[in-house]
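Enquirer: this is a predicted model, with the sequence first.
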Amino acid sequence: TLIGLASLSLKDEKAQLIASLSQNQSDWESLLTALGHLYTQGVAIDWAEYDKPYNRQKVLLPTYPFQRERYWVDFDPKGSQRDDQVLALSDRAGCHPMLSKCSTTPYYDDIYYETHLSLDYPHFIKGHQFFGIPIVAAASYLSSFIDAAYEVLDVPRVLLKDIQLKQAIVIPDDESVRYQVVVREDAKVGYRVEAFSQVKGSDFVQNVQSTVKGVESSPTDYPSLESLKEAITGQISSEELTEELASVGISLNENYQWLTTLCKGESGYLGRLRKPLSAEERDGFIFYPGMMDMGFQLGMQLLNQVKKPKEGFYIPSYLESFYFDCLGSEIEWLYVEHQGSDDHSYIDIFYYDGRGGLVGSVKKLSGVLITESIIHRMLRSSYSESWYYQSRWIKDDFDSYESLSKQDLVLVLSDGSLMSKTLIDDLER
């Protein structure tokens, strides 16, 4: 047979030979079996083309909980034969592209995910640019965090807390950036999730850190979608928003443009989102980065309108929490609301399904101001130089530290003396 002849001529012992025809199966069944073997070996299958001749339809599923069982395909990268040029970053077929490789260590319980980011991979990376320079969107990190948490914790609902966006990733024109997500168990908070990056010749840089845990139920403190539809009627065009962003140096391609309808109220935006345009926007994601980023774009736009910076614009820097229902219905609406005062502004974001059910929510998203000079300084300076850290001193008179609320952040510069340690202990209490 051809398989036998091929095995005699191939020297690579790891080569996988897959027959497309068999005497014991029909031609169609043999081809489907071969296709299944290719998929389990990491070959990227164009399922949209496979389904094109058939009239597929979505069906409504019951809303009661299912007995959830996972049927992940076990993939052994050592036993696979692939074209490295075609599948160099697809060791885990069908997964989030920023989590394409997964490994553990014999010494720790940490779980490592890794990929390489470039202008060509994943497909959505280059569509998010500041002043013509590709910058990895905050939503891209958080999208990969949600997928990793769902896979590691094996729970339908996840809650990310204390999310610190410390350092952005600039994508160079001529090389890739190594990207890692590390999930480690923590007895105090559940799990910690961190994102790191590395360019050739530099040390690893921590980009994002967060805690994560599973939750049994969704939040109840969110605005009613029907009430929002009745209250917010001032419609504006999505093109107007795109032009406003472009005027300050933010350029976004179709992967980050999801609005079909946008209405502006007194303190926020209500938007309706389009359906995914392609399999690239649908497959392998629990929450597609471009769709998530739509809420962040509107939130930062609200901050820009409130704070009115003389130059530059605000981008996400901190989130108090991010809840997401990984098995929730398809997102169709979002509401973005400004909260707080001019000095302490933050944003809340709510993602709804078509019936008004809450799928995801962001609480207390704050931003940091950047300018074109900061972006270009990032390109000239060491990659590890942080551009998010800023200090702003504000005089605030109060009777004693006991009058501070739990929400106040206090920086203590001390010499390590007993008195300063006592002060720190009292503040923490």
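Expert: Nice, thanks for sending it over.
Enquirer: thinking residue 37 is in contact with residue 22, fair?
Expert: No. Contact criterion C-beta atoms under 8 Å: residue 37 and residue 22 do not qualify, at 11.9 Å. Where you see a C-beta, it was placed from the backbone N, CA and C, and this is true even at glycine.
Enquirer: mind checking the longest helix of the protein?
Expert: Secondary structure of the chain per DSSP state H: the longest helix is helix 289-307.
Enquirer: may I see the buried residues of that one?
Expert: Across helix 289-307, burial judged by 16 or more other C-beta atoms under 10 Å covers 289-304.
Enquirer: chain center to it, what's the gap?
Expert: Mean-position distance between helix 289-307 and its chain equals 15 Å (C-alpha atoms, centre = their mean, to the nearest Å).
Enquirer: equivalent analysis for stretch 187-194, please.
Expert: Chain-centre distance of stretch 187-194: 18 Å, with C-alpha atoms, centre = their mean.
Enquirer: elements contacting the longest helix of the chain?
Expert: helix 138-153, helix 238-247, strand 268-273, strand 313-325, strand 331-340, strand 345-353, strand 358-370 (3 or more C-beta pairs under 8 Å, 6 or more residues apart in numbering; DSSP states H and E).
Enquirer: any chance of CSV for those, columns mean pLDDT?
Expert: Putting the helices and strands packed on helix 289-307 into CSV (pLDDT from 0 to 100) gives the following:
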stretch, mean pLDDT
helix 138-153, 95
helix 238-247, 88
strand 268-273, 95
strand 313-325, 95
strand 331-340, 94
strand 345-353, 95
strand 358-370, 94
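Enquirer: so what's residue 319 up against?
Expert: For residue 319, the contacting residues are 142, 160, 163, 165, 362, 363, 364, 365, 366, by C-beta atoms under 8 Å, 6 or more residues apart in numbering.
Enquirer: now with 6 Å, please.
Expert: Each residue near residue 319 by C-beta atoms under 6 Å, 6 or more residues apart in numbering is listed here: 163, 362, 365.
Enquirer: what's the answer for residue 150, then?
Expert: Residues near residue 150 by C-beta under 6 Å, 6+ apart: 286, 326.
Enquirer: just give the closest residue to the residue nearest the centre of the chain, not the sequence neighbours.
Expert: Most central in the chain under C-alpha atoms, centre = their mean is residue 143, positioned 2.0 Å from the mean C-alpha point. Leaving aside its sequence neighbours, residue 143 sits nearest to residue 289 (C-beta to C-beta, 6 or more residues apart in numbering; 4.3 Å).
Enquirer: if I read this right, that neighbour contacts residue 139, doesn't it?
Expert: Yes. Using C-beta atoms under 6 Å, residue 289 makes contact with residue 139 at a distance of 4.6 Å.
Enquirer: so what does the helix or strand encompassing residue 263 touch, helix or strand wise?
Expert: Per DSSP states H and E: residue 263 is located in strand 259-264. Here strand 259-264 touches strand 235-236, strand 268-273, going by 3 or more C-beta pairs under 6 Å, 6 or more residues apart in numbering; DSSP states H and E.
Enquirer: quick one: list the elements packing against the last one.
Expert: Same thing as strand 268-273. Using 3+ C-beta pairs under 6 Å, 6+ apart: strand 268-273 touches strand 259-264, strand 331-340.
Enquirer: same thing with the first one?
Expert: Applying 3+ C-beta pairs under 6 Å, 6+ apart, one finds that strand 235-236 makes contact with strand 259-264.
Enquirer: what lies in contact with the strand it packs on?
Expert: Contacts with strand 259-264, where a contact means C-beta under 6 Å, 6+ apart, come from 232, 234, 235, 236, 238, 270, 271, 272, 274.
Enquirer: need the max-distance pair from these.
Expert: Greatest spatial distance in the contacts of strand 259-264: 234 and 274, 20.7 Å, computed using C-beta to C-beta.
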